[in-house]
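Colleague: Sequence plus predicted model, see below.
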Amino acid sequence: MGKRGAGNRGRRRAQGRRRARSRRRPVGRLLLLAVVLTGMTLGGGAALAYWKDTREAQAAPEPERIPTQVPSPPPSPSPTPTPKPTPTPKPKPKPKKTTVPKSGQGTFTTADSAGTPVGSGGTLRRYRVQVEDGVDISAREAAAEIEAILAHPRGWAAHGRGRFQLVTENADFVIKIATPDTADRLCLAVGLNTHGELNCETTQGVVVNLKRWVLGSPTFSGSPAEYRHLIINHEVGHEIGIRQHMSCPGVGKLAPVMMQQIKGLNGCRSNAYPYDEDGSYITGPIVP
């Protein structure tokens with residue numbers, strides 16, 4: 001009884017412990033399962049979130065890459081040009097006033113130069129050139145200019161109306177350049193009143209008013225040098241036999257060289273030559 005009872009009691013304790021463990025085991029398992037499920041839940045959520053983020057990242061358009069620009073250095077300022085000093089304009093020279101003496105000494109110097117005959121036909125006429133003493137014109141230079149005028153291709157000599165030769169003596173006629181007072185005196189000797197302005201032809205030859213030789217004419221559109229052609233051609237025209245003056249042949253036409261152009265052009269154009277460029281003689285109505 002004693003041993004059997006003790007054995008029974010031992011078996012009962014052992015069974016009690018097994019029952020206690022069996023009762024505790026479900027709780028522990030449940031806790032373990034809960035922990036595992038919790039972990040799976042958390043892990044699945046994280047995995048789902050990761051999968052979602054990855055899909056969204058793949059679906060999202062790739063952001064535009066903005067190239068990094070290296071800022072250009074600021075342009076160097078252009079050097080300010082040093083202003084050039086404005087040159088002081090030189091004063092224009094005032095036109096030289098040409099003064100023509102009203103009177104002279106009344107004596108003349110003959111040009112000491114001679115030339116060869118110019119012209120293609122007609123009578124040879126020898127001439128001398130004289131300049132009144134005391135005026136600012138060289139007799140030699142005046143003679144050279146007159147020689148060139150008579151040899152001009154539109155002049156008398158070029159068209160068979162005469163031949164001309166500059167000489168120092170034994171002249172057929174004389175061309176005198178005189179002050180206005182002296183010219184008036186020489187012209188008045190043959191009955192011509194030149195009023196201190198005009199030229200004339202005398203028994204000795206041609207008298208050229210110094211004022212017209214230097215200044216030209218207010219009615220002539222050319223220069224004084226061109227007007228000197230008109231003076232010589234007009235007066236030498238008288239020398240070769242053209243005694244009468246001419247008038248304007250028509251408005252806009254060239255004035256004849258035998259027209260007294262200083263008295264007005266009457267619609268004609270100024271002209272200093274007996275012939276035009278085509279070699280035609282320029283004529284007009286005879287003045288009675």
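Modeller: Ah, there it is. In this text, all values refer to a predicted model and were calculated from it rather than measured experimentally.
Colleague: so the nearest residue to residue 214 once chain neighbours are set aside is in which element?
Modeller: In space, and not counting its chain neighbours, residue 214 is closest to residue 100: 5.3 Å by CB to CB, 6 or more residues apart in numbering. For glycine as for every other residue, the C-beta is placed from the backbone atoms N, C-alpha and C. In this structure, residue 100 is located outside every helix and strand according to DSSP states H and E.
Colleague: how about the strand ranked longest in the chain: buried residues?
Modeller: Using DSSP state E, we find that the single longest strand of the chain is strand 124-132. Applying a neighbour-count criterion of 16 or more other CB atoms under 10 Å, one finds 125-132 buried in strand 124-132.
Colleague: Tell me how far the residue nearest to residue 214 lies from residue 129.
Modeller: Between residue 100 and residue 129 the distance is 19 Å, computed by CB to CB, to the nearest Å.
Colleague: ranges for the helices of the stretch 51-200 of the chain?
Modeller: Assigned by DSSP state H, counting those that start in this stretch, the helices in the stretch 51-200 of the chain fall at 139-150, 180-188.
Colleague: Residue 261 is nearest to which of those helices?
Modeller: Comparing the helices of the stretch 51-200 of the chain against residue 261 with CB to CB, the closest turns out to be helix 139-150 (16.1 Å).
Colleague: residues touching residue 216, list them.
Modeller: Taking CB atoms under 8 Å, 6 or more residues apart in numbering as the definition of contact, the neighbours of residue 216 are 222-224, 226-228.
Colleague: Can you say which of the helices of the stretch 51-200 of the chain is nearest to residue 248?
Modeller: Proximity to residue 248 (CB to CB) singles out helix 139-150 among the helices of the stretch 51-200 of the chain, at 23.2 Å.
Colleague: ok, and what's touching the closest one?
Modeller: The contact list for helix 139-150, computed with CB under 8 Å, 6+ apart, reads 109-113, 115, 118-119, 127, 129-131, 155-157, 164, 166, 175, 177, 228-229, 232-233, 236.
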